[in-house]
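A.B. asks: any chance you could fold what I've pasted below:
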Amino acid sequence: MNLNQMARQGAPAQDPTVGSTGGGQPASARQQAQFDMLLGRARQMMGEQAQAWREAMDIDPAQAAVRMGTQTLRYLAQQSEKAGQPVDPAVLLHVGVQFVKDIAGLANDAGMVPDEQLEPFLQQVMQESIAEYMRMDADDGLMPAPPRGAGPARVAPTARQQGGVR
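C.D. replies: Numbers count the residues shown, from 1 in each chain. The predicted structure follows:
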């Protein structure tokens, strides 16, 4: 499912994570299984490519997180759809949030993103990842291309611009 289809489908009826603090209902068993499978597979793929991730993160942690994280989740969503198991849009969003948190934790542990820059790093990566996912959908003809210069990546200064991410 591309982001354009997700937007047209509207808000999900349930929160896709069990025990969510968002005030929504707990996830259905299907949503929870999808969340667990996608996040587990994304983590596995990151582990399989650990050296490439580390090298990219050494150069630019935020851009590596955006590029590699978005590609990983988009690939998994496409594979699920091809297998006849389309990903619930809310589940994909929540998997993305958790995966970005995982990446931020690893970057923080490795000293690439200091504690005081974690929140700006998370915001930057989430904003740019959504824009990148949309761009990839547009490039594949799945949705209209966004106007030049538009998108969430332009909303806030990046962590690098704020001087906190090496």
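
A.B. asks: show me where the protein has its strands.
C.D. replies: Assigned by DSSP state E, the chain shows no strands.

A.B. asks: residue nearest the middle of it, spatially speaking?
C.D. replies: The structure's the chain has its C-alpha centroid closest to Gly96; by C-alpha atoms, centre = their mean the separation is 3.2 Å.

A.B. asks: what sits against it?
C.D. replies: With contacts defined as C-beta atoms under 8 Å, 6 or more residues apart in numbering, the neighbours of Gly96 are 69, 73, 126, 129. All C-beta atoms are positioned from the backbone trio N, CA, C, and that covers glycine.

A.B. asks: okay if I get those as TSV plus neighbour count and pLDDT?
C.D. replies: Compiled in TSV, the contacts of Gly96 are given as follows (neighbours: other C-beta atoms under 10 Å; pLDDT from 0 to 100):
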residue	neighbour count	pLDDT
Gly69	24	93
Leu73	24	95
Met126	20	94
Ser129	25	94
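
A.B. asks: before we move on, the earlier item: against Gln79, how distant is the residue nearest to the centre of the chain?
C.D. replies: 16 Å (C-beta to C-beta, to the nearest Å).

A.B. asks: before we move on, what about Val113?
C.D. replies: In terms of C-beta to C-beta, Val113 sits 30 Å off from Gln79.

A.B. asks: re earlier: for the contacts of Gly96, name the two members farthest from one another.
C.D. replies: Leu73 and Met126 (12.0 Å; C-beta to C-beta).
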